[in-house]
Each structure stands twice: as structure tokens, then as C-alpha cells.
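> predicted structure and sequence below. I'll ask about it afterward.
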Amino acid sequence: MPDLTKNPIGIFDSGYGGLTVLKAIAEELPGYDYLYLGDNARAPYGNRSFETVYEYTLECVQQLFSMGCELVILACNTASAKALRNIQQKDLPLIAPHKRVLGVIRPTTEIVGKYSKTGHVGVLGTTGTITSNSYPIEIAKLFPQLTVHQEACPMWVPLVENYEMATAGADYFVEKNLNSLLTKDKNIDTIILGCTHYPLLIQNIKKFLPEGITLLSQGDIVAHSLTDYLKRHPEMEQKCSKGGKFQFFTTDSTENFDAAASLFFGAEVKSKHLAL
Ligand code: DGL
């Protein structure tokens, strides 16, 4: 079991995608303790209902709280789109008023206006994220002049979760969805990878991405935003323990998780199983 005297920063994703965020955060904010939870047994979340994503996410957040986390990052767009608001507004005041849960959509929308010159932006995400309309809604609040088109990519997360990235099948679905997005609007010059799994398909995406289009992936964006958050909230910064320790938990097989996660994380990962 984790060292419960410590207060690691919790990073949650349905599966492997959040590792792309943890990697960037740990590079920018070394020295903190981190606890990663991948709900691989129930991934992908992307095609699940609002109620189910909310129920699973809340369960995982409560689990991370019980393991000592004072601050949890939902490193998952689907969970950020479907569960974050309820958790922040409804659950936290009742279950843990001094703890915090942050998502990945807001930090991404805060910077998108800086990148697009044409004013036309594309968003790729899971079916859940796209149908929630979270990106167009949030972008319209901050950059009402931007035109936003979206494309759901329901096969991309399963391809990553099943370690099928270097296959013709992965290329097929990446090309199909990318073309479909760009056909909707020929002036798109900036594409948000609105799912933390998608950087793991970056080689496939680059094969089919026309020149001159900027891809925004969320690892660095979320890392900068967390750095800023900790500066603005010294009371939370002081609570986060600083032993430089990483702990990984998965709700599925640790053997499978360790093999894939070590490659995605770029360092050896030894996870423990967590039954929810
Ligand atoms: N990484 C999650 C996201 O950012 C994937 C969701 C899923 O499990 O489908 O949306």
C-alpha cells in the first residue's frame, strides 16, 4: 500500500493516456510525489454515458483521496468533460472541502487563441468529449472570434489501450478521422488533441497531417497550468509531499500495465493492482 503519511499529487486517467500528462508534469515539477491511477479494467470511458463516466471518475477520485492525495488531476478529457463540474461543485464540498480536483480542458482552451492565425481550430476527442461540446463552449467564452470544428475518434483509444499503434489498422483510423475533420473546414491551422491518449498516436498522426497545421497536445499545457496553480495556491503547494517518489496503480493486470506504461512513460514502471 502507498505511504499514507505522504500526500502525492494524484493523476487519474481511464488508462494509459494520463501517463503523457504525468511525464510532462514530472519533468516540469520534479521532486514532488506522484500517484498515478489508470482504470484500465473499465477503459475506454469515451463511449460510456455521462452517468457511468461520472460514477467511475468519482470512485477513482475518492480512492486517490483515501491514499493521501490532496490534489488530483483528471488527466482525461472524457472525465473532465463529464464529471469534473459535478465533482467540484456537488461532491467536494460534502466529501473533502479542502481537497482539489482539476481537469485538462480549461488549461487547453486558455491557450488555443495564441496559436491560430486563421482563427479556425479543430478538436479531436472521444465520442464523450465531442458530444459534450465542452471544447466549443469553453473556447467561445475565452475566444469568441474562433471557429471550432470537432471530430470524434472512437477507435483511437482502443487502439492505444490494446497497444496497436504501429499497425496499418491504426493508420487507417487516424487518416480517416483526420481527413474528416479537415474536410469540415479547409482553414483549420490548429488542432487540439483533446484526449490524453492521442500523443501516443503521434507518429500515425504526423503521417497524415498536412504541413502548416499546429498540433496542441496536453502534457506541457497541463504541466504549465499546474505550475501556475501551485504558485497561486501556496496552501496547496505546501501540502503536496516532496519525496520524488512515483507510485502506479491499475485496476487491471499489472503485468500488461507495466509493459505498456514503461514504454509510454519512458522509464520502468512497477504498478500495483487496485480492486475497485
Ligand atoms: N485519455 C482519455 C481522454 O483524455 C481517454 C478516454 C477514454 O477512456 O476513452 O479522454
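Perfect, I can see it now.

> if I look at Y45, how far off is the ligand?
Computed as C-beta to the nearest ligand atom, to the nearest Å, the Y45 to the ligand distance reads 4 Å. For the C-beta atoms, the positions are set from N, CA and C on the backbone; glycine is no exception.

> scratch that, E70
With C-beta to the nearest ligand atom as the criterion, E70 and the ligand are 23 Å apart.

> what do you get for A81?
8 Å.

> check contacts around that residue.
105, 128-129, 132, 134 (C-beta atoms under 8 Å, 6 or more residues apart in numbering).

> then L200?
Counting by C-beta under 8 Å, 6+ apart, the residues that L200 touches are 16-17, 20, 160, 165, 264.

> enumerate the residues of the protein near the ligand.
Counting by C-beta under 6 Å from any ligand atom, the residues of the chain close to the ligand are 13-15, 17, 43-46, 76-78, 126, 129, 157, 195-197.

> next, the contact list for E268, please.
258, 262.

> helix, strand or coil for A170?
helix (DSSP: H, G, I helix; E, B strand; the rest coil).

> I'd guessed it sits against E161; true?
No: assessed by C-beta atoms under 8 Å, A170 is found out of contact with E161, at 12.0 Å.

> circling back: could you dump the contacts of L200 to a markdown table with pLDDT, neighbour count and secondary structure?
Listed next are those as a markdown table, based on pLDDT from 0 to 100; neighbours: other C-beta atoms under 10 Å; DSSP: H, G, I helix; E, B strand; the rest coil:
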| residue | pLDDT | neighbour count | secondary structure |
| --- | --- | --- | --- |
| Y16 | 94 | 25 | coil |
| G17 | 93 | 29 | coil |
| T20 | 93 | 26 | helix |
| V160 | 92 | 25 | helix |
| M165 | 96 | 19 | coil |
| F264 | 84 | 20 | helix |
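
> list just the nearest of those residues to R232.
T20 (24.5 Å; C-beta to C-beta).

> quick check: that closest one touching Q218?
Yes: between T20 and Q218 there is a contact at 7.4 Å, judged by C-beta under 8 Å.

> what do those two both touch?
With C-beta under 8 Å, 6+ apart as the test, T20 and Q218 both reach 196, 199.

> contacting residues around K184?
122, 149, 151.

> measure it to V104 for me?
24 Å (C-beta to C-beta, to the nearest Å).

> what about the contacts of A81, which are in strands?
Of the contacts of A81, none are assigned to strands by DSSP state E.

> let's have these in JSON lines, adding neighbour count and pLDDT.
What follows is the contacts of A81, written out as JSON lines (neighbours: other C-beta atoms under 10 Å; pLDDT from 0 to 100):
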{"residue": "I105", "neighbour count": "23", "pLDDT": "98"}
{"residue": "G128", "neighbour count": "26", "pLDDT": "94"}
{"residue": "T129", "neighbour count": "27", "pLDDT": "95"}
{"residue": "S132", "neighbour count": "20", "pLDDT": "95"}
{"residue": "S134", "neighbour count": "26", "pLDDT": "96"}
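
> inside helices: which ones of those residues?
105, 128-129, 132, 134 (DSSP state H).

> I appreciate the help and will end here.
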